[in-house]
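Asks: Provide a 3D model corresponding to the input given below.
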Amino acid sequence: MTPKAVLKRWHGLTPNLQGACWMLLSCLGFSAMVSFVKIAARELGPFETTFFRCFFGFLALFPLIAWHGIGALRTRHLGMHAWRGILGMVSMMCAYFGIERLPLASYTALSFSKPLFAIVLAVFVLHETVRWRRWAATLVGFFGVLVMMRPGTESFDPNALFALGDAFSIAILITVLKRIPAYEKPLAMMFYFGLISSPLALALTLGLQPWVWPDGIDWAMLAAIGVFGALSQYWWIMAFRAGEASAVAPFDYSRLIFTGAVGWMVFSEIPDVWTLIGAGLIVASTIYLARREARLNRTSAGATTLTG
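Replies: Have a look, this model is predicted:
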(Lines give C-alpha, C1' and ligand atoms only; values in the text may rest on other atoms or scores of the structure.)
Protein backbone atom coordinates (compact mmCIF):
# COMPACT_ATOMS: atom_id res chain seq x y z
CA MET A 1 0.00 0.00 0.00
CA THR A 2 1.38 3.40 -0.98
CA PRO A 3 1.85 6.22 1.57
CA LYS A 4 -0.84 8.21 -0.26
CA ALA A 5 -3.34 5.34 0.15
CA VAL A 6 -2.45 5.02 3.85
CA LEU A 7 -3.05 8.74 4.38
CA LYS A 8 -6.38 8.50 2.56
CA ARG A 9 -7.52 5.67 4.85
CA TRP A 10 -6.26 7.55 7.90
CA HIS A 11 -8.26 10.66 7.04
CA GLY A 12 -11.29 8.43 6.49
CA LEU A 13 -11.28 7.40 10.17
CA THR A 14 -13.46 9.21 12.69
CA PRO A 15 -11.65 11.63 15.04
CA ASN A 16 -12.21 9.26 17.99
CA LEU A 17 -10.70 6.31 16.08
CA GLN A 18 -7.72 8.45 15.14
CA GLY A 19 -7.33 9.41 18.80
CA ALA A 20 -7.50 5.75 19.85
CA CYS A 21 -4.78 4.85 17.33
CA TRP A 22 -2.55 7.67 18.58
CA MET A 23 -3.09 6.51 22.17
CA LEU A 24 -2.25 2.87 21.39
CA LEU A 25 0.93 4.01 19.65
CA SER A 26 1.78 6.11 22.70
CA CYS A 27 1.26 3.15 25.03
CA LEU A 28 3.44 0.88 22.90
CA GLY A 29 6.18 3.54 22.82
CA PHE A 30 5.90 4.00 26.59
CA SER A 31 6.19 0.24 27.19
CA ALA A 32 9.31 0.04 25.04
CA MET A 33 10.78 3.05 26.84
CA VAL A 34 10.25 1.72 30.39
CA SER A 35 11.88 -1.60 29.53
CA PHE A 36 15.04 0.27 28.47
CA VAL A 37 14.77 2.56 31.52
CA LYS A 38 14.69 -0.42 33.89
CA ILE A 39 17.95 -1.73 32.45
CA ALA A 40 19.73 1.63 32.04
CA ALA A 41 18.82 2.93 35.51
CA ARG A 42 20.46 -0.12 37.09
CA GLU A 43 23.70 0.70 35.25
CA LEU A 44 23.75 4.52 35.30
CA GLY A 45 21.34 5.47 38.09
CA PRO A 46 17.92 7.13 37.75
CA PHE A 47 19.27 10.72 37.78
CA GLU A 48 21.63 10.21 34.84
CA THR A 49 19.01 8.19 32.97
CA THR A 50 16.55 11.08 33.42
CA PHE A 51 19.05 13.54 31.97
CA PHE A 52 19.71 11.44 28.90
CA ARG A 53 15.96 10.87 28.42
CA CYS A 54 15.39 14.62 28.41
CA PHE A 55 18.45 15.33 26.24
CA PHE A 56 17.91 12.66 23.56
CA GLY A 57 14.17 13.37 23.57
CA PHE A 58 14.99 17.04 22.94
CA LEU A 59 17.32 16.13 20.05
CA ALA A 60 14.64 13.86 18.55
CA LEU A 61 12.38 16.90 18.08
CA PHE A 62 14.62 18.67 15.57
CA PRO A 63 13.52 16.61 12.53
CA LEU A 64 9.91 17.49 13.48
CA ILE A 65 10.88 21.16 13.83
CA ALA A 66 12.50 21.06 10.38
CA TRP A 67 9.32 19.50 8.99
CA HIS A 68 6.83 21.91 10.61
CA GLY A 69 8.99 25.04 10.57
CA ILE A 70 10.32 27.25 13.35
CA GLY A 71 6.93 28.96 13.58
CA ALA A 72 5.59 25.89 15.38
CA LEU A 73 7.64 26.95 18.44
CA ARG A 74 5.98 30.34 18.92
CA THR A 75 4.43 30.77 22.34
CA ARG A 76 3.17 33.46 24.71
CA HIS A 77 3.32 31.21 27.76
CA LEU A 78 6.99 30.71 28.62
CA GLY A 79 6.25 30.85 32.35
CA MET A 80 3.78 27.98 32.10
CA HIS A 81 6.25 26.00 29.99
CA ALA A 82 8.91 26.57 32.65
CA TRP A 83 6.66 25.10 35.34
CA ARG A 84 5.81 22.23 33.03
CA GLY A 85 9.51 21.52 32.46
CA ILE A 86 10.32 21.55 36.20
CA LEU A 87 7.33 19.42 37.26
CA GLY A 88 7.81 17.04 34.34
CA MET A 89 11.44 16.48 35.27
CA VAL A 90 10.55 15.82 38.93
CA SER A 91 7.87 13.38 37.79
CA MET A 92 10.31 11.65 35.48
CA MET A 93 12.92 11.20 38.21
CA CYS A 94 10.33 9.71 40.56
CA ALA A 95 9.15 7.48 37.74
CA TYR A 96 12.63 6.19 36.93
CA PHE A 97 13.34 5.37 40.58
CA GLY A 98 10.04 3.47 40.65
CA ILE A 99 10.62 1.69 37.33
CA GLU A 100 14.08 0.58 38.43
CA ARG A 101 12.91 -0.87 41.76
CA LEU A 102 9.32 -2.06 41.21
CA PRO A 103 7.73 -4.62 38.89
CA LEU A 104 6.64 -2.78 35.74
CA ALA A 105 2.96 -3.69 36.18
CA SER A 106 2.96 -2.41 39.78
CA TYR A 107 4.61 0.86 38.80
CA THR A 108 2.20 1.38 35.90
CA ALA A 109 -0.90 0.64 37.98
CA LEU A 110 0.18 3.04 40.75
CA SER A 111 0.97 5.73 38.17
CA PHE A 112 -2.69 5.62 37.10
CA SER A 113 -3.57 7.24 40.46
CA LYS A 114 -2.77 10.68 39.01
CA PRO A 115 -6.46 11.52 38.30
CA LEU A 116 -7.19 10.81 41.97
CA PHE A 117 -4.64 13.41 43.07
CA ALA A 118 -5.89 15.74 40.31
CA ILE A 119 -9.40 15.67 41.84
CA VAL A 120 -8.02 16.70 45.24
CA LEU A 121 -5.93 19.49 43.67
CA ALA A 122 -8.90 20.67 41.60
CA VAL A 123 -10.84 21.23 44.82
CA PHE A 124 -8.14 22.86 46.93
CA VAL A 125 -6.16 24.74 44.23
CA LEU A 126 -8.62 25.52 41.43
CA HIS A 127 -11.63 25.68 43.80
CA GLU A 128 -13.69 23.42 41.54
CA THR A 129 -16.86 21.80 42.84
CA VAL A 130 -16.67 18.01 43.13
CA ARG A 131 -19.87 16.19 44.07
CA TRP A 132 -20.25 12.97 46.03
CA ARG A 133 -20.05 10.55 43.06
CA ARG A 134 -16.57 11.70 42.07
CA TRP A 135 -15.47 11.81 45.72
CA ALA A 136 -16.70 8.22 46.14
CA ALA A 137 -14.80 7.09 43.01
CA THR A 138 -11.69 8.90 44.27
CA LEU A 139 -11.88 7.12 47.64
CA VAL A 140 -12.29 3.75 45.88
CA GLY A 141 -9.18 4.52 43.82
CA PHE A 142 -7.11 5.44 46.86
CA PHE A 143 -8.33 2.25 48.55
CA GLY A 144 -6.93 0.38 45.53
CA VAL A 145 -3.59 2.13 46.14
CA LEU A 146 -3.63 0.91 49.75
CA VAL A 147 -4.48 -2.64 48.62
CA MET A 148 -1.48 -2.63 46.30
CA MET A 149 0.96 -1.08 48.77
CA ARG A 150 -0.29 -2.81 51.97
CA PRO A 151 1.41 -0.37 54.41
CA GLY A 152 2.16 -1.81 57.83
CA THR A 153 2.71 -5.33 56.48
CA GLU A 154 5.85 -7.22 55.49
CA SER A 155 4.80 -6.86 51.84
CA PHE A 156 5.03 -3.05 51.94
CA ASP A 157 7.70 -1.74 49.55
CA PRO A 158 8.62 1.92 50.25
CA ASN A 159 9.79 2.22 46.63
CA ALA A 160 6.09 2.37 45.71
CA LEU A 161 6.19 5.93 47.06
CA PHE A 162 8.28 6.88 44.01
CA ALA A 163 5.39 5.80 41.74
CA LEU A 164 2.98 7.88 43.85
CA GLY A 165 5.40 10.82 43.69
CA ASP A 166 5.34 10.50 39.91
CA ALA A 167 1.52 10.45 39.92
CA PHE A 168 1.28 13.45 42.27
CA SER A 169 3.74 15.48 40.17
CA ILE A 170 1.73 14.72 37.04
CA ALA A 171 -1.46 15.75 38.85
CA ILE A 172 0.13 19.12 39.65
CA LEU A 173 1.22 19.31 36.01
CA ILE A 174 -2.36 18.65 34.86
CA THR A 175 -3.49 21.53 37.07
CA VAL A 176 -0.88 23.81 35.48
CA LEU A 177 -1.78 22.66 31.94
CA LYS A 178 -5.39 23.72 32.47
CA ARG A 179 -4.05 27.27 32.23
CA ILE A 180 -2.24 26.66 28.91
CA PRO A 181 -4.58 27.43 25.99
CA ALA A 182 -5.75 24.48 23.88
CA TYR A 183 -4.34 26.09 20.72
CA GLU A 184 -0.74 25.75 21.99
CA LYS A 185 1.04 23.47 19.53
CA PRO A 186 2.18 20.03 20.84
CA LEU A 187 5.63 20.51 19.29
CA ALA A 188 6.10 23.79 21.16
CA MET A 189 5.06 22.15 24.44
CA MET A 190 7.60 19.36 23.96
CA PHE A 191 10.38 21.70 22.76
CA TYR A 192 10.21 23.95 25.82
CA PHE A 193 9.92 20.93 28.08
CA GLY A 194 13.22 19.56 26.72
CA LEU A 195 14.87 22.99 26.73
CA ILE A 196 14.11 23.47 30.43
CA SER A 197 14.31 19.92 31.80
CA SER A 198 17.61 18.88 30.17
CA PRO A 199 19.94 21.36 31.93
CA LEU A 200 18.05 20.98 35.22
CA ALA A 201 18.37 17.19 35.09
CA LEU A 202 22.09 17.48 34.26
CA ALA A 203 22.67 19.82 37.23
CA LEU A 204 20.87 17.45 39.62
CA THR A 205 22.78 14.46 38.24
CA LEU A 206 26.18 16.12 38.72
CA GLY A 207 25.21 17.27 42.20
CA LEU A 208 23.59 14.11 43.57
CA GLN A 209 25.37 11.09 42.09
CA PRO A 210 28.77 10.17 40.62
CA TRP A 211 28.82 10.52 36.84
CA VAL A 212 29.11 7.20 34.98
CA TRP A 213 30.11 7.34 31.33
CA PRO A 214 27.85 5.03 29.28
CA ASP A 215 29.46 2.33 27.16
CA GLY A 216 28.38 1.28 23.65
CA ILE A 217 25.19 -0.62 24.51
CA ASP A 218 24.25 1.99 27.13
CA TRP A 219 24.36 4.75 24.49
CA ALA A 220 22.00 2.74 22.29
CA MET A 221 19.55 2.21 25.18
CA LEU A 222 19.68 5.88 26.21
CA ALA A 223 19.02 7.00 22.65
CA ALA A 224 16.08 4.56 22.48
CA ILE A 225 14.72 5.92 25.79
CA GLY A 226 14.88 9.48 24.45
CA VAL A 227 13.32 8.66 21.09
CA PHE A 228 10.55 6.40 22.44
CA GLY A 229 9.89 8.85 25.27
CA ALA A 230 9.54 11.84 22.94
CA LEU A 231 7.43 9.91 20.44
CA SER A 232 5.09 8.45 23.08
CA GLN A 233 4.63 11.94 24.58
CA TYR A 234 3.90 13.43 21.14
CA TRP A 235 1.45 10.62 20.28
CA TRP A 236 -0.28 11.05 23.67
CA ILE A 237 -0.83 14.77 23.03
CA MET A 238 -2.05 14.03 19.49
CA ALA A 239 -4.52 11.45 20.85
CA PHE A 240 -6.35 14.05 22.93
CA ARG A 241 -6.13 16.64 20.17
CA ALA A 242 -7.74 14.21 17.70
CA GLY A 243 -10.57 12.64 19.73
CA GLU A 244 -12.84 13.24 22.69
CA ALA A 245 -11.21 12.62 26.06
CA SER A 246 -13.98 10.19 27.11
CA ALA A 247 -13.36 8.07 23.99
CA VAL A 248 -9.57 8.24 24.00
CA ALA A 249 -8.64 8.04 27.71
CA PRO A 250 -9.69 4.38 28.27
CA PHE A 251 -7.13 3.25 25.69
CA ASP A 252 -4.39 4.68 27.92
CA TYR A 253 -4.97 1.70 30.25
CA SER A 254 -3.57 -0.61 27.57
CA ARG A 255 -0.21 0.46 29.04
CA LEU A 256 -0.94 -1.86 31.95
CA ILE A 257 -1.31 -4.80 29.55
CA PHE A 258 1.77 -3.89 27.51
CA THR A 259 4.07 -3.22 30.49
CA GLY A 260 2.76 -6.31 32.29
CA ALA A 261 3.63 -8.39 29.23
CA VAL A 262 7.11 -6.84 28.99
CA GLY A 263 7.68 -7.38 32.71
CA TRP A 264 6.68 -11.04 32.42
CA MET A 265 8.60 -11.83 29.20
CA VAL A 266 11.77 -9.78 29.80
CA PHE A 267 12.11 -9.49 33.59
CA SER A 268 10.18 -12.60 34.79
CA GLU A 269 7.80 -10.43 36.85
CA ILE A 270 4.46 -11.97 37.86
CA PRO A 271 1.97 -9.71 39.72
CA ASP A 272 0.41 -11.16 42.89
CA VAL A 273 -3.34 -11.23 43.53
CA TRP A 274 -3.28 -8.06 45.69
CA THR A 275 -1.60 -6.13 42.89
CA LEU A 276 -4.28 -7.28 40.44
CA ILE A 277 -7.13 -6.36 42.82
CA GLY A 278 -5.63 -2.96 43.66
CA ALA A 279 -4.90 -2.23 40.00
CA GLY A 280 -8.49 -3.15 39.10
CA LEU A 281 -9.86 -0.71 41.70
CA ILE A 282 -7.57 2.10 40.52
CA VAL A 283 -8.41 1.56 36.84
CA ALA A 284 -12.17 1.26 37.46
CA SER A 285 -12.28 4.43 39.58
CA THR A 286 -10.21 6.52 37.16
CA ILE A 287 -12.24 5.36 34.14
CA TYR A 288 -15.40 6.41 36.00
CA LEU A 289 -13.83 9.79 36.81
CA ALA A 290 -12.86 10.33 33.16
CA ARG A 291 -16.36 9.47 31.90
CA ARG A 292 -18.02 11.58 34.60
CA GLU A 293 -15.77 14.53 33.75
CA ALA A 294 -16.64 14.20 30.05
CA ARG A 295 -20.37 14.04 30.84
CA LEU A 296 -20.17 17.15 33.03
CA ASN A 297 -18.24 19.00 30.30
CA ARG A 298 -20.90 18.12 27.71
CA THR A 299 -23.64 19.27 30.09
CA SER A 300 -21.79 22.51 30.75
CA ALA A 301 -21.25 23.10 27.03
CA GLY A 302 -24.93 22.45 26.32
CA ALA A 303 -26.00 24.90 29.02
CA THR A 304 -23.65 27.52 27.60
CA THR A 305 -25.10 26.99 24.12
CA LEU A 306 -28.70 27.29 25.34
CA THR A 307 -28.02 30.46 27.28
CA GLY A 308 -26.14 32.05 24.40
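
Asks: What mean pLDDT does stretch 278-291 get?
Replies: Averaged across stretch 278-291, pLDDT comes to 88.

Asks: Run through the chain and note the low-pLDDT ranges.
Replies: Within the chain, the stretches with pLDDT under 70 are 1, 6, 176-183, 246, 294, 296-308.

Asks: could you pull out the helices for it?
Replies: Assigned by DSSP state H, the helices in the chain fall at 3-12, 15-44, 46-59, 62-68, 78-101, 104-111, 114-124, 132-149, 160-177, 186-208, 216-242, 245-248, 254-267, 273-306.

Asks: buried stuff in stretch 157-174?
Replies: 157, 160-174 (16 or more other CB atoms under 10 Å). For glycine as for every other residue, the C-beta is placed from the backbone atoms N, C-alpha and C.

Asks: Sorry, wrong one. I was asking about stretch 93-108.
Replies: 93-108.

Asks: Any chance you could list what contacts that stretch?
Replies: 34-35, 37-38, 41-42, 46-47, 49-50, 53, 110-111, 148, 157, 159-160, 162-163, 165-166, 169, 201, 204, 255-256, 259-260, 262-263, 267, 269, 271, 275, 279 (CB atoms under 8 Å, 6 or more residues apart in numbering).

Asks: if we can go back for a sec, I'd like to know which of the buried residues of stretch 93-108 is nearest to residue 249.
Replies: Nearest to residue 249 among those: residue 108, at 15.3 Å, using CB to CB.

Asks: burial measure for residue 9, as a count.
Replies: Other residues lying near residue 9 total 10 when counted by other CB atoms under 10 Å.

Asks: oh sorry, the question was meant for residue 131
Replies: By the criterion of other CB under 10 Å, residue 131 has 9 neighbours.

Asks: Max pairwise distance over the buried residues of stretch 93-108: which two?
Replies: 93 and 105 (20.9 Å).

Asks: Near residue 203, how many other residues are there?
Replies: For residue 203, using other CB under 10 Å, the count is 11.

Asks: now swap in residue 253 and tell me
Replies: 20.

Asks: Now it: closest residue in space, sequence neighbours ignored.
Replies: Closest residue in space to residue 253, ignoring its immediate chain neighbours: residue 283 at 5.5 Å, by CB to CB, 6 or more residues apart in numbering.

Asks: residue contacts, the one you found?
Replies: 109, 112, 253, 256.

Asks: Can you report how many residues lie near the last one?
Replies: The burial metric for residue 256, expressed as a neighbour count using other CB under 10 Å, is 22.

Asks: any idea how far residue 78 is from it?
Replies: For residue 256, the distance to residue 78 equals 35 Å [CB to CB, to the nearest Å].

Asks: ok, residue 229 touching residue 57?
Replies: Yes: contact criterion CB atoms under 8 Å: residue 229 and residue 57 qualify, at 4.9 Å.

Asks: the more surrounded of these two?
Replies: For residue 229 and residue 57, the more surrounded residue by other CB under 10 Å is residue 57, and the numbers stand at 27 against 24.

Asks: can you pull the contacts of the more buried one?
Replies: 190, 194, 226-227, 229-230, 233.

Asks: I'd like these written out as JSON lines, with distance to residue 65 added.
Replies: Listed next are those as JSON lines, based on distance: CB to CB, whole Å:
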{"residue": "190", "distance to residue 65": "10"}
{"residue": "194", "distance to residue 65": "11"}
{"residue": "226", "distance to residue 65": "15"}
{"residue": "227", "distance to residue 65": "15"}
{"residue": "229", "distance to residue 65": "17"}
{"residue": "230", "distance to residue 65": "12"}
{"residue": "233", "distance to residue 65": "15"}
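
Asks: close enough to count as contact, residue 82 and residue 196?
Replies: Yes: judged on CB under 8 Å, residue 82 makes contact with residue 196 at a distance of 5.7 Å.

Asks: Those two - which one has more neighbours?
Replies: Each of residue 82 and residue 196 has its neighbours counted (other CB under 10 Å); residue 196 has more, 21 against 14.

Asks: quick one: the nearest residue to residue 247 once chain neighbours are set aside from residue 283, how far?
Replies: Leaving out its chain neighbours, the residue that sits closest to residue 247 by CB to CB, 6+ apart is residue 16, at 4.1 Å. Look at residue 16 and residue 283: by CB to CB, they are 20 Å apart.

Asks: ditto for residue 238
Replies: Counting by CB to CB, the separation of residue 238 from residue 283 is 23 Å.
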